[in-house]
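Participant: next one to model:
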Amino acid sequence: MPDSSTDSTIVGPDVPPTRSWRRPSTIAAIVLFAALAAFWVWIFVYQLQNKGEEDMLDRLDDLSWTAEADDTCRAYTERIAALPPAFESATASERADVIDVATDEVERMLADLRELTPVGDTNDARITAAWLDDYHQFLQDRRTFADALRVDPRARFLVTEKYGSHITKPIDRFARVNEMEACMSPGDV
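Facilitator: Numbers count the residues shown, from 1 in each chain. Coordinates of the predicted model:
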């Protein structure tokens, strides 16, 4: 029997070794988790404050005219909404007629907007002119569809592509980021 006075180890039940949180893999996981959490918090706060829209390329520096533009668009949008829904028309020819009437309203809306928009050699003027050009192309697409309906009742509404998507995306994005949501492309076809 060994002398217990010379043995300083205590023998007891098996106790698993404790894991240290200071291991490199644990520290790396904590840092990664904290970075991801901070990233998502930043994204949500940034978007909730609409900072993302303010930084977009389509965002105008001077929004002084956009409230009046939004009111102008709202009046035309209400006129278009008062028309019978084009897709509920009894015949393709009647549908084409409703589309043409609505397109005429949008064309008048764009003429009124042109009176409000910035002019000259400024970035705002260039961006707004490009938006109006896109809108005019969209109107041409609507007219082409109405004409096609008169020939083929099963004609499909196709819009011009821009940046790999429908031209309505940049039209609507410009209107949205510049606080003119009533000026987004009508979805009445």
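
Participant: from the chain's centre, how far out does stretch 27-34 sit?
Facilitator: 33 Å (Cα atoms, centre = their mean, to the nearest Å).

Participant: state the mean pLDDT of that stretch.
Facilitator: Computed over stretch 27-34, the mean pLDDT rounds to 84.

Participant: ok, now stretch 182-189?
Facilitator: Here the average pLDDT along stretch 182-189 is 93.

Participant: go through it and flag the buried ones.
Facilitator: Using 16 or more other Cβ atoms under 10 Å as the test for burial, stretch 182-189 gives 182-186, 188-189. The C-beta positions use only the backbone N, C-alpha and C, and glycine is treated the same way.

Participant: only alpha carbons, please: show that stretch as CSV.
Facilitator: What follows is stretch 182-189, C-alpha atoms only, in CSV (Å, rounded to 0.1, in the frame of the first residue of the first chain):
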residue,chain,number,x,y,z
ALA,A,182,-48.0,57.6,-58.4
CYS,A,183,-45.8,58.0,-61.4
MET,A,184,-44.9,54.3,-61.6
SER,A,185,-45.9,52.5,-64.8
PRO,A,186,-49.6,51.6,-64.9
GLY,A,187,-50.5,47.9,-64.7
ASP,A,188,-53.8,48.3,-66.4
VAL,A,189,-53.1,46.3,-69.6
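
Participant: what does it contact?
Facilitator: Outside stretch 182-189, the residues that touch it by Cβ atoms under 8 Å, 6 or more residues apart in numbering are 69-71, 73-74, 77, 80-81, 83, 85-87, 99, 102, 106, 109, 113, 135, 138, 142, 145, 157, 168, 171-172, 175-176.

Participant: just the ones of these in helices?
Facilitator: 69-71, 73-74, 77, 80-81, 99, 102, 106, 109, 113, 135, 138, 142, 145, 168, 171-172, 175-176 (DSSP state H).

Participant: just the buried subset of those residues, written out for ChimeraX, thanks.
Facilitator: Buried residues within the ones in helices among the contacts of stretch 182-189, by 16+ other Cβ under 10 Å, are selected in ChimeraX with:
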select :69,70,73,77,80,99,102,106,109,113,135,138,142,145,168,171,172,175
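
Participant: show me where pLDDT drops low in the protein?
Facilitator: The model of the chain has pLDDT under 70 over residues 1-21, 43-56.
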